[in-house]
Structures are given as structure tokens and as C-alpha cells.
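**Q** Fold the following for me, if possible:
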Amino acid sequence: MTQKVLILGGQGRIGSSVARDLMRHTQTHITITGRSPRLSANEPMSDRLSFLQLDLADTAQLQNAIAASDLVIHCAGPFHYRDESVLRYCIQHQVNYLDVSDQVGFTRKVLSCRTDAQTGGVTAIVNTGIFPGISNSMVRLGVEQMDEPEEIHLSYVVSGSGGAGLTVLRTTFLGLLRPFPAWVDGSWQMIKPYSDRQPLELPEPYGKVHVYWYEMPETFTLPEAFPVKTVITKFGSIPDFYNHLTWIAAHIFPKAWISHPNGIEFLSHVSYRMTQVSDRFSGIGVGIYCQVNGYTAGQPAQHHSTLVHKNTAIAAGQGTGSIAQLLLSGQLQKPGVWAVEEALSTELFEQAMQSRGLQIQQKVLVQSSE
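**A** Numbering: from 1, shown residues only. Modelled structure (predicted):
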């Protein structure tokens, strides 16, 4: 029988990119949901694709849709306003689960369901996509090159809108509201968002870019997955003037104004209009920089890996789509709820990247004792 995939929020930029990737790499039937009464122009047309008008608040219809599926992919952000109910329904109906969340509070709620998912035989993987997602597996790739990993530095740069919509911009501004805990030198320390500007060098077409501290789910999932003393997570934008505007929002604007729904909507819509202009010359791509420091054969070593893609939303769709493909084929089975770096082996990750033409540049530097 044909397997069935349900993509919640499938009308968005990332949800539709996931659908396109699955159309290309699997033979599944895909149902995408949205609150609008019809397919948007983002969706690929096929007899293997159908649309379901669905509000997640309609729990009866939601559960019926989940029960009729083999895999649910949750793309209905922003995840600041979501809870773990979709995963709970998946566990109840023994349906595997993925999401594209990038929000710490939501991730913690979903991870709290690990025991129930294990008992129900459900494999659930959170934070799939590009960052978090592919980036987490790049970290695992580096950690596995070390006998003793000590420090992880993970940074992302997005050009303009990244090809995403208002939801991603809302998420960005919501992440500026308050200091967050980061694992630094073996203890949790409070960090101001969008602080400690740092230059990085990425492959072409980026070159020199700048990044700032930013809270991601990886901020806490990576220290839990790997025995390291420090995890640094940073984010930046291209053109660089967007970094300065975001810094002003983080450090100058009153937090009460930003936290108000009207304030978030104002900032998001203004930023979206600006990126519609700047995207024409900046592009909508993404760059990932990963550095793992540690020891190999008793010598200090560094593993560097980078990835660039010309369209952030498409790359996110490929990250999620590749994990969905592995679940549907039975190559990946791990009952419970996991971050990507805990669930996906490096071997399967490299196979998935190769099948999608995604090239990760990497090098290892070992300091000789001589």
C-alpha cells in the first residue's frame, strides 16, 4: 500500500519545500494542510498530492488526519505558540513524527514525551530542516573525528529573507526578548541575544560574514548529546545592515514593545518588505559554519565544516525530506523523541546529502607536538 504523509502547515515556504522534496525522492501520497480553503501557488501539482483545510485547534479533525497517516511532519509555526499535542496524538495513534521547529520552549515540551514515544514504538525527531537539522549532523560529523571533543561552535548566516515568509521573521524577533542559558566552560551561563559580534569566513558567494549569539535548540541539545565543555550558537544576516538593525531591536527597543503581538507584527512586516527589495541583490541563501575543537591521538585538533545553499527554504525541505525518506523506508527507526544529532547516523546523513547534491566542505587540523 502507498504510504501516507501528512504535512501540517504545508502551505508555507518550508512546508511546501518538504512536500517537493518528498515528491522527488519518494512514492508516498502527501496531504498538506492549511487554514486557507485551497492550495497555494507554492505547492507542486500531482495526483500524489492532496490538500486538507485544517485548523490545529480542531482536535477531532486533526486526530482523524493523523490516524490516517504513516508519518506526520509538523511545519505549522511559529512554534513559540505551539505545544506537544500533535506529537501526543501521533503517539496515541502510533504514527511517526518530525517537526521543523527552531524554538527552545517547544523543543523541550516535545522531548518530554520521550518515554511515551518509546513505549508506543513511535520514532519522533525534532528540529529537522537546515538549522537546526543538517547543522546538527555536521556537528556529529566533527565530534566523531575527535577522541576527546571539547568545544562546538555552530553559526548560521541567511541572505535576506532566506526565501522564507513572515513566520520565520516573527521567530527571529521573538528570540531577542530575553537572555538565555548557554553551556560555556562546563557551566550554564546567561547570554544576551545578538551580542559578541564575530567575523567568520564562509565559502563563496559569502566570504567574510558576521554572527552574534542567538538561542537555538542546539544550545541545549548538543551539550546533552556530546561530552563537551562549551557550545556556541550564533546567527547573522546578509546584507550586514540587517545585523545592525537586529542589534538595535535586541538592545535598544523596549522589550515590552517587542513582546507585544502588535510590535512583533510591525517589525516582521517591515522587515519582510525590506527583504523583498534586498533579496534581489543579496539572494535568499544560507551558510553554515561548524567548528569542533578537541584532541585526536593526544594532540589538539580542529574539525571545520561548511555548507552553503542558494535557497534556505529549499535546503530546509531537503533536510526534513531526507529524514522523512529514511523513516518511510525503514532505514531509520529509533522509538522515542530525539534531536537530529541523537537519531541520525553519520553514514545515513552523508548518503542523504549526496543523494540531494548537498556538498559539505570539511577539513581537520591537528597540531603536532614536534
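**Q** Could you use CA atoms for every contact and neighbour count after this?
**A** Will do.
**Q** Quick check: the gap between residue 175 and residue 244.
**A** 16 Å (CA to CA, to the nearest Å).
**Q** What of residue 189?
**A** 24 Å.
**Q** re earlier: between residue 175 and residue 244, who's got more neighbours?
**A** residue 175 (20 against 14; other CA atoms under 10 Å).
**Q** List the contacts of the residue nearest to that one when sequence neighbours are not counted.
**A** Counting by CA to CA, 6 or more residues apart in numbering, residue 175 lies nearest to residue 215, which is 6.8 Å off, once chain neighbours are set aside. Residue 215 makes contacts with 104, 175, 180, 193, 233-234, as judged by CA atoms under 8 Å, 6 or more residues apart in numbering.
**Q** Of all pairs in the residues you listed, which one is the farthest apart?
**A** The most widely separated members of the contacts of residue 215, counting by CA to CA, are 104 and 234 (14.6 Å).
**Q** quick one: which of those two has more around it?
**A** Higher neighbour count among residue 104 and residue 234: residue 234, with 24 against 20, using other CA under 10 Å.
**Q** Which strand or helix spans that one?
**A** strand 230-238 (DSSP states H and E).
**Q** Measure how the helix or strand following that strand sits relative to strand 230-238, angle-wise.
**A** Counting by DSSP H and E, the next helix or strand C-terminal to strand 230-238 is helix 241-251. The directions of helix 241-251 and strand 230-238 differ by 120 degrees, with axes from the mean of the first three to the mean of the last three CA atoms, to 10 degrees as the criterion.
**Q** Which residues in helix 241-251 does the neighbour count mark as buried?
**A** 242-243, 246-247, 249-250 (16 or more other CA atoms under 10 Å).
**Q** quick one: contacts of stretch 78-96?
**A** By CA under 8 Å, 6+ apart, the residues outside stretch 78-96 that reach it are 63, 66-67, 69-72, 74, 97, 101-103, 105-106, 109-110, 113, 116-117, 120-124, 167-168, 170-171.
**Q** cutoff 7 Å now
**A** 63, 66-67, 69-72, 97, 101, 103, 106, 109-110, 117, 120-124, 167, 171 (CA atoms under 7 Å, 6 or more residues apart in numbering).
**Q** next one: stretch 274-284
**A** In contact with stretch 274-284 (CA under 7 Å, 6+ apart) are residues 158-163, 238-239, 310-312.
**Q** Recalculate using a threshold of 6 Å.
**A** Outside stretch 274-284, the residues that touch it by CA atoms under 6 Å, 6 or more residues apart in numbering are 159-163, 311.
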